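[1] Provided below are the primary sequence and the corresponding predicted coordinates.
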Amino acid sequence: MVVTRVDVYDSVVIGAGQAGLSASYHLDRLGIRHVVLDAEPRPGGAWQHRWDSLTMRDVHGVADLPDGPAPGRSTDRANRAVPHWFGTYETQHGLPVLRPVRVRTVTAGGDLLEVRSDAGTWLTRTLVNATGTWTRPFVPHYPGAETFGGEQLHTHDYPGPGHFRGRRVLVVGGGASAVQFLGELGPITDTLWVTRREPVWRDDFDENSGREAVAQVLDRVTAGLPPASVVSVTGLALRPQEQAAAQLGVYDRRRPMFSRIEPGGVRWDDGARGPGQPAFEPVDSILWATGFRPAVTHLAPLHLRSEHGGIPLLPGTADVQTAVTAARDPRVQLVGYGPSASTIGGNRAGRAAALAVRRQVTRETVRPAGR
């Protein structure tokens, strides 16, 4: 049943992934009346949609939630272990999650924000946006894509390595997902790898390196540019489970981006194919490991974006991952966006967002009469 909420919340959190649960926990601890609206029918956020072959041993690490230790590394499927953990956490801490509620738009009306969804409308003094990126897969357009006779899949729809057995697979992308897919596919089928830029490999990576990388992402966001992925500045590394593919030379056969797609494969122009490389490569499947974009289209009526296309954030009060407040409307906090787009960053951003909400709500409460 669709209803309109006439009461006013201090905050509405959109999304119940790691960042949203962290924000809700801290809002609850601060005594801030709020509700969490989650589009999914069950707990787990984007994790419940990951492919079956991704185990807790394979993920790049999942940070603890506040007062809630994460599942350890194991052979358990990540798309089961993490949703179970999230669901248990919601119940144990009594977090006010409502689902499934798909938010359509957020608009500003005077001092309040109006959150409109397919399940009703909520009025709130502040908003914490924790919608992540999973619902916005990005596939670049190349000439002839619509003529390809094989299948094209994105990371979002990756069915696992067994699906591709016996096929020649083209993996497109220079991030961690592409490396992982090649690690799974290389030992069981013929693969080809293409990227726009030469991959940058790293041998070691410590806490200081990570902090510097996140700071570079923050620089883009505070300037109003669309956020870049952290891996774009950290570089790539092979894990033990990818060494078998490395020994087969899978990562050495990288080619620059093709010029166009044809019914039976992909083709390079003469100036783009590289010396000694064939102009055409036949492939059966194209796997686009080309990343995601922030799922923030519902915030468009608030006009938070800069002329550069990103949502600028105010600098954080503690570290770069606590930059969560929208520069153009301080009632809006974005967690899991830009510098906090990781499980560790989402946790820190959740606390920072709750504190920012308290400051905003307190400011509204004590505002002089007549204003």
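    Received, thanks.
[2] send the alpha carbons of stretch 337-354 over as CSV?
    What follows is stretch 337-354, C-alpha atoms only, in CSV (Å, rounded to 0.1, in the frame of the first residue of the first chain):
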residue,chain,number,x,y,z
TYR,A,337,30.7,8.1,-2.8
GLY,A,338,34.1,9.2,-4.0
PRO,A,339,36.7,8.9,-1.2
SER,A,340,34.4,6.7,1.0
ALA,A,341,33.6,4.2,-1.8
SER,A,342,35.0,1.1,0.0
THR,A,343,33.9,-0.9,3.0
ILE,A,344,36.3,0.8,5.3
GLY,A,345,35.5,4.2,3.9
GLY,A,346,31.8,3.6,4.1
ASN,A,347,32.1,2.8,7.8
ARG,A,348,34.0,6.0,8.5
ALA,A,349,31.7,8.0,6.3
GLY,A,350,28.7,6.5,8.1
ARG,A,351,29.8,8.0,11.4
ALA,A,352,30.8,11.3,9.8
ALA,A,353,27.4,11.5,8.2
ALA,A,354,25.6,10.9,11.5
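[3] ranges for the helices of the stretch 201-350 of the chain?
    Taking DSSP state H, counting those that start in this stretch to define them, one finds helices in the stretch 201-350 of the chain at 207-222, 231-234, 243-247, 343-365.
[4] list the buried residues of the longest one.
    Going back to what we said before, that points to helix 343-365. In terms of neighbour count (16 or more other C-beta atoms under 10 Å), helix 343-365 has its buried residues at 343-358, 360-361. From N, CA and C alone the C-beta is placed, and that goes for glycine too.
[5] again, but for the third one
    Judged by neighbour count using 16+ other C-beta under 10 Å, the buried positions of helix 243-247 are Ala245.
[6] which residues touch that helix?
    182-187, 238, 251 (C-beta atoms under 8 Å, 6 or more residues apart in numbering).
[7] which of the residues you listed tops the neighbour count?
    For the contacts of helix 243-247, neighbours were counted using other C-beta atoms under 10 Å, and Leu182 has the most, 27 neighbours in all.
[8] find the nearest non-adjacent residue to it, please.
    With sequence-adjacent residues excluded and distances taken as C-beta to C-beta, 6 or more residues apart in numbering, Leu182 is closest to Val250, at 5.1 Å.
[9] contacts only, for the one you found.
    Contact analysis of Val250 by C-beta under 8 Å, 6+ apart lists 182-183, 186, 191, 193.
[10] which of these sit farthest apart?
    Greatest spatial distance in those: Gly183 and Trp193, 11.2 Å, computed using C-beta to C-beta.
[11] next, Ile308: phi, psi?
    Small correction: residue 308 is His, not Ile. Torsion angles at His308 (phi, psi; degrees, to the nearest 10) stand at phi -90, psi -10.
[12] hmm, I typed the wrong one, I wanted Thr105.
    phi -150, psi 160.
[13] pLDDT score for it?
    Looking at Thr105, its pLDDT reads 98.
[14] which residues in the stretch 251-371 of the chain form strands?
    254-256, 260-262, 265-267, 280-282, 285-288, 332-334 (DSSP state E, counting those that start in this stretch).
[15] so which of the ones you listed is nearest Thr107?
    Here strand 332-334 is closest among the strands of the stretch 251-371 of the chain (C-beta to C-beta), at 11.9 Å.
[16] returning to what we had before: dump the contacts of Val250 to a markdown table, plus pLDDT.
    Listed next are the contacts of Val250 as a markdown table, based on pLDDT from 0 to 100:
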| residue | pLDDT |
| --- | --- |
| Leu182 | 95 |
| Gly183 | 93 |
| Gly186 | 94 |
| Thr191 | 96 |
| Trp193 | 96 |
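[17] export these to JSON lines and tack on secondary structure and distance to Ser24?
    Output for those, formatted as JSON lines (DSSP: H, G, I helix; E, B strand; the rest coil; distance: C-beta to C-beta, whole Å):
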{"residue": "Leu182", "secondary structure": "helix", "distance to Ser24": "37"}
{"residue": "Gly183", "secondary structure": "helix", "distance to Ser24": "35"}
{"residue": "Gly186", "secondary structure": "coil", "distance to Ser24": "41"}
{"residue": "Thr191", "secondary structure": "strand", "distance to Ser24": "42"}
{"residue": "Trp193", "secondary structure": "strand", "distance to Ser24": "40"}
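[18] and which of these is nearest Phe138?
    Of the contacts of Val250, the one sitting nearest to Phe138 (C-beta to C-beta) turns out to be Trp193, at 18.3 Å.
[19] with adjacent residues omitted, what lies nearest to that closest one?
    Distance criterion C-beta to C-beta, 6+ apart; nearest residue to Trp193, sequence neighbours excluded, is Arg254 at 4.6 Å.
[20] cheers, nothing more for now.
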